[in-house]
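> I need the structure of the sequence given here:
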Amino acid sequence: MTRERSVPAARGGAGEADGGAVRDGAGLAVLAHRFEAIVRRMSNTLARSGRSGVLNTARDFSCCVLTADGGVLMTGQSPPIHVMGGPDLQARSLLEFHPELRAGDAFLHNSPYHGNTHAADHSILVPVVDDAGVHRFTVLAKAHQADCGNSVPTTYMASARDVYEEGALIFPVVRVQEDYTDRADILRMCEMRIRVPHQWRGDYLAILGSARIGEQSLLRLAEEVGWDALDSFAHDWLDYGESRMAAAIAGLPAGETTVTTRHDPFPGVPDGVAISAKVAVDPARGMIDIDLRDNPDCVPSGLNLSEASSRTAALIGVFNSIDHTVPHNQGSFRRVRVHLRENCVVGIPRHPVSCSVATTNLANRLGNIVQRAFADLGDGIGMAEVGTGMSPSEAVVSGVDRRGGGAEPFVNQIFTGMNGGAAGPFNDGWLTMDDLGSGGTLLLDSVEIDELKQPLVIHERRLARDTEGAGRMRGAPGLTVEYGPVGGDLEAVYANDGSVHPMSGARGGLAGARSAQQLRHRDGHLSDLDICGPVRVAEGERLVARTSGGGGYGPPHTRDPWAVALDVREGWISTDRARRIYRVVLDGAGAVDTAETDRVRAALARGSDTGHDTADPARDPSGAPGQRPGPQPTEDTP
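Alright, predicted model coming up:
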C-alpha cells in the first residue's frame with residue numbers, strides 16, 4: 001500500500017496570519033541570540049577541529065538545536081539541505097529507537113531511510129538531559145565525510161544500483177557513547193571499513209566535540225535562566241516563526257502552477273529523470289502546498305532523494321522566494337505542506353534504494369523548480385535556477401601521496417570551482433553560490449591549501465565569461481578550473497548535471513551556460529568525459545571543468561544599460577554579448593551609446609529588430625549552439 005506524508009500542517013494559537021502575539025518580545029530576542037550563539041559555538045568547534053578538508057576548508061557541516069519532541073529550533077549558518085527538513089526526522093527516529101535517553105548518550109546516524117539526507121552525512125545526536133533525568137532538548141552536529149565506506153573512494157556513488165552496490169556503512173541511530181564513554185566496537189567497525197581511518201577518527205571526534213559543546217552550553221544556560229524559561233522560549237519561538245511565515249504568505253499572490261525540469265542522462269537513467277512540482281499558494285489561509293507525488297518511481301541509480309532531502313529541497317525553494325528574515329524553524333515549516341509518496345524518486349525511498357547523491361543533483365533540480373514556480377506566480381518574487389551539478393571541480397579525489405618519498409593514501413572532496421547563483425527579482429546571482437542545497441555556505445578552497453594537502457596542481461581557475469543567464473537581473477557565470485596530479489595517478493569521482501539541460505531563467509530571463517568536463521592529454525588535446533566519474537588522471541594529464549551558470553530573471557533587454565557596461569568593463573560579459581543579448585551598444589571607450597541603445601531596444605519592441613541574433617543562451621561559449629559543451633578558449637578570459 002502506498003504511503004504518503006506531508007510536512008505537518010499549522011496548529012492554532014499564535015500562528016495566525018495577523019502575526020499573533022509573542023509574550024515578552026525582548027526576552028524572546030535575547031534568548032534567540034543565546035541559542036544562536038550556542039549553534040555558532042558548535043560550528044566553530046567543527047571548523048577548527050575537523051581533520052578532512054571537506055570540513056576544515058570547505059566547511060560542509062551543520063549544527064542545530066531541536067526541542068525534545070524533535071522540532072527544529074535553531075539552525076545557525078548551515079547548508080540548508082542539512083537543516084531545513086531532516087533534523088526533525090532524525091530526532092524522531094532517535095525517540096522511536098531509544099525511548100529512554102540518559103545524560104552521556106551520543107548516537108551516530110547516517111541512514112537515509114530514517115531521516116538523514118544520505119549515507120555520507122554522519123550526524124551525532126546528543127540528548128540534553130537535566131539533573132532529574134528529563135530529556136529537554138537534542139543537539140545535532142552533522143558533517144559530510146571524506147569517505148563513508150563506499151565500494152569506490154567517493155561519498156557520491158552516483159552509479160550505484162542499490163545500497164549494497166553503494167557499499168556505505170549505514171548507522172540507523174546507533175549509540176556510540178554511553179555515560180560519555182565511546183563504544184569502541186562501533187568505532188573499530190568504522191576504522192576497518194573506512195579509508196584513511198585516522199582521518200575519519202579525527203572527524204568523528206570533531207563532530208562529537210561539537211555536539212558536546214552544544215549540550216554543555218545548554219546545560220549552563222539552563223542553570224542561568226531555568227528550564228521553564230527555556231521551554232517557554234522554545235514554544236514562543238516556534239509560534240513566532242509560524243506567525244512570521246503566515247504573514248509572509250499573506251503577501252504573496254494566490255495561485256497554483258506546475259513546473260518541470262529534467263536531470264541529464266546518468267548511469268541507470270539513460271534518458272535522464274524528468275520531475276515536476278505542483279505549487280499552490282493560499283494567502284488567505286497562510287498556507288503553501290507542494291505536491292511531488294506525480295513523479296517517477298525510484299530509479300536504479302544514486303540519484304534518488306531521501307525523504308529528508310525531498311522535503312528540504314522543496315522548503316529551500318520556498319524560503320528562497322519569500323522574506324529572508326522569516327526564521328527557519330519548525331514553526332515556519334508548519335505553514336508549508338510537502339506531499340510525498342513512497343518509492344518515488346523525489347519522495348520516500350524504500351530500502352535498499354540508493355540515495356547516495358541525495359543532497360545534490362535532483363535535490364537542486366527540485367528546489368530550483370519550486371522557486372521558479374513562485375516567479376511564475378508573480379513578478380518580484382521567486383528566483384531563476386541556481387547552477388547545478390557536481391563538476392570535476394568538486395570531485396572526490398583519491399590516490400597515494402608519494403611526495404617526500406612516502407606512500408600515504410589520501411581521499412578528500414575538493415571545492416575548486418562552484419556553480420553560478422540564480423538571479424532574483426532585485427539582485428544578480430551570487431558568484432560562489434555553488435548549488436541550491438549549500439546556499440552559498442560552503443567555502444571555495446584555497447588553491448595553495450589544496451595543493452599542500454593533496455598531490456595535485458591547480459593550473460587554472462577563472463571566471464568563465466559569457467556563461468551567465470542573461471536577464472534584467474543576470475545569473476552568475478560559471479568558473480573554469482584545470483588541475484592534475486603530481487607524482488602519480490589520481491582518481492576523481494564526480495556526478496555532474498547541467499551539461500545537457502541548463503539551468504532555466506525566470507520571467508523572460510535566459511538560461512545559464514551548460515557545464516562541461518574534459519580531459520587534457522599529455523599532448524594538449526582535449527577529449528570529452530562522461531557526465532559521471534570516476535576518471536583516472538595520469539601524471540601529465542589534467543581535468544578541465546566548467547561549472548554551470550545561473551539563470552537570469554526578467555528579459556535581458558530590460559537590464560539597466562549602465563549595469564551592462566559595468567559587466568563588460570569588469571569582464572563578466574563580452575561587448576558582443578552586450579549588444580546581441582542585452583541590446584546595449586557601447587562606444588569605443590566602453591561607455592553606453594545611449595542613442596544607439598535606445599534605437600536598438602525600440603526596434604526590438606516594434607518587432608523589427610532583425611540584425612541581432614539571439615543565439616542559444618545556454619550555448620557552449622567555445623563552440624556553436626547545440627554542440628557538446630567544452631571549456632572556454634583563452635580569448636574569453638576576462
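
> which residues sit in contact with P409?
R195, V196, S398, G399, V400, D401 (Cβ atoms under 8 Å, 6 or more residues apart in numbering). Every residue, glycine included, has its C-beta placed from N, CA and C.

> Try it again at 7 Å.
When contacts are counted by Cβ atoms under 7 Å, 6 or more residues apart in numbering, P409 touches R195, V196, V400.

> same check, this time on I414
For I414, the set of contacting residues under the criterion of Cβ under 7 Å, 6+ apart consists of G53, E394, A395, V397, D445, D450.

> Could you list which of the contacts of P409 belong to helices?
Of those, none are assigned to helices by DSSP state H.

> Adding pLDDT, write the residues you listed out as CSV.
Written out in CSV, the entries for the contacts of P409 read as follows (pLDDT from 0 to 100):
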residue, pLDDT
R195, 89
V196, 88
V400, 95
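
> most surrounded residue in the residues you listed?
In terms of neighbours by other Cβ atoms under 10 Å, the contacts of P409 top out with V196 at 20 neighbours.

> In contact with it, which residues?
When contacts are counted by Cβ under 7 Å, 6+ apart, V196 touches D147, P409, F410, V411.

> One more pass at 6 Å, please.
V196 sits next to P409, V411 when contact means Cβ atoms under 6 Å, 6 or more residues apart in numbering.

> Now do it against V411, distance only.
Between V196 and V411 the distance is 6 Å, computed by Cβ to Cβ, to the nearest Å.

> quick one: low-confidence ranges for the stretch 1-150 of the chain?
Counting by pLDDT under 70, the stretch 1-150 of the chain shows low-confidence ranges at 1-24.

> Show me the strands in it, by range?
4-5, 61-67, 72-74, 106-109, 121-129, 135-144 (DSSP state E, counting those that start in this stretch).

> Arrange those strands in CSV, one row each, with mean neighbour count and distance to I213 as further columns.
Conversion of the strands of the stretch 1-150 of the chain to CSV gives the following (neighbours: other Cβ atoms under 10 Å; distance: least, Cβ to Cβ, whole Å):
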stretch, mean neighbour count, distance to I213
strand 4-5, 15, 33
strand 61-67, 28, 9
strand 72-74, 26, 14
strand 106-109, 24, 12
strand 121-129, 25, 10
strand 135-144, 27, 8
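
> Looking at these, spot the one closest to E342.
Closest approach to E342 among those (Cβ to Cβ): strand 4-5, 7.4 Å.

> For this protein, give me the ranges with low pLDDT.
Counting by pLDDT under 70, the chain has low-confidence residues at 1-24, 610-638.

> Spell out for me which residue occupies the centre of it.
Here the mean C-alpha position of the chain is nearest to the C-alpha of G437 (Cα atoms, centre = their mean), at a distance of 1.5 Å.

> if I pick that residue, what's in contact with it?
For G437, the residues meeting the contact criterion (Cβ under 6 Å, 6+ apart) are I81, T359, A363.

> Does the first one touch S310 like I think?
No - at 10.9 Å, I81 and S310 do not qualify as touching, with contact defined as Cβ atoms under 6 Å.

> What strand or helix carries L519?
Remark: L519 resides in strand 516-520, with elements defined by DSSP states H and E.

> who does the closest residue to L73 other than its chain neighbours bridge with?
Spatial nearest neighbour of L73, excluding adjacent residues (Cβ to Cβ, 6 or more residues apart in numbering): V65 at 4.8 Å. Beta bridges link V65 to M74, V139, judged by DSSP bridges.

> contacting residues around V65?
Remark: with contacts taken as Cβ under 6 Å, 6+ apart, V65 is in contact with F35, L73, M74, F137, V139.

> Return the member of the residues you listed nearest to D239.
For these, the closest approach to D239 (Cβ to Cβ) belongs to L73, at 12.0 Å.

> Now do the same contact list for that closest one.
Applying Cβ under 6 Å, 6+ apart to L73 gives the contacts V65, L66, T67, A234, N329.

> If we go by neighbour counts, what in stretch 267-283 is buried?
Counting neighbours by 16 or more other Cβ atoms under 10 Å, one finds that the buried residues in stretch 267-283 are 267-269, 272-273, 275-281, 283.

> same thing with stretch 92-112?
For stretch 92-112, the buried set under the neighbour-count rule, 16+ other Cβ under 10 Å, comprises 92-95, 98, 101, 103, 105-112.

> In helices, which of the residues you listed appear?
Counted as lying in helices by DSSP H, out of the buried residues of stretch 92-112, are R92, S93, L94, L95.

> didn't the third one look like it was pressed against I124?
No - applying Cβ under 6 Å, one finds L94 not in contact with I124, separated by 11.1 Å.

> how close does the residue lying closest to V129 once chain neighbours are set aside sit to P409?
Counting by Cβ to Cβ, 6+ apart, V129 lies nearest to A103, which is 4.2 Å off, once chain neighbours are set aside. Taking Cβ to Cβ as the measure, A103 falls 39 Å from P409.

> hmm, who's touching whichever strand or helix holds I275?
In this structure, I275 sits in strand 273-282 according to DSSP H and E. Around strand 273-282, the neighbours that count as contacts under Cβ under 6 Å, 6+ apart are 252, 254-260, 262-263, 288-292, 295, 346, 369-370, 373.

> What are the boundaries of the helices in the stretch 501-638 of the chain?
Secondary structure of the stretch 501-638 of the chain by DSSP state H, counting those that start in this stretch: the helices cover 561-570, 575-580, 594-606.

> tell me what the first one is packed against?
Just to be clear, that refers to helix 561-570. Taking 3 or more Cβ pairs under 6 Å, 6 or more residues apart in numbering; DSSP states H and E as contact, the helices and strands that helix 561-570 lies on are helix 575-580.

> What is the helix it packs on packed up against?
helix 561-570.

> how far does the helix it packs on sit from the chain's center?
Remark: helix 561-570 is offset 30 Å from the chain centroid, using Cα atoms, centre = their mean, to the nearest Å.

> likewise stretch 276-283?
The chain centroid and the centroid of stretch 276-283 are separated by 22 Å, computed with Cα atoms, centre = their mean.

> and what of stretch 277-288?
Taking the mean of its C-alpha atoms, stretch 277-288 sits 24 Å from the chain's own mean (Cα atoms, centre = their mean).

> go on, stretch 185-197?
Distance, stretch centre to chain centre, for stretch 185-197: 28 Å (Cα atoms, centre = their mean).
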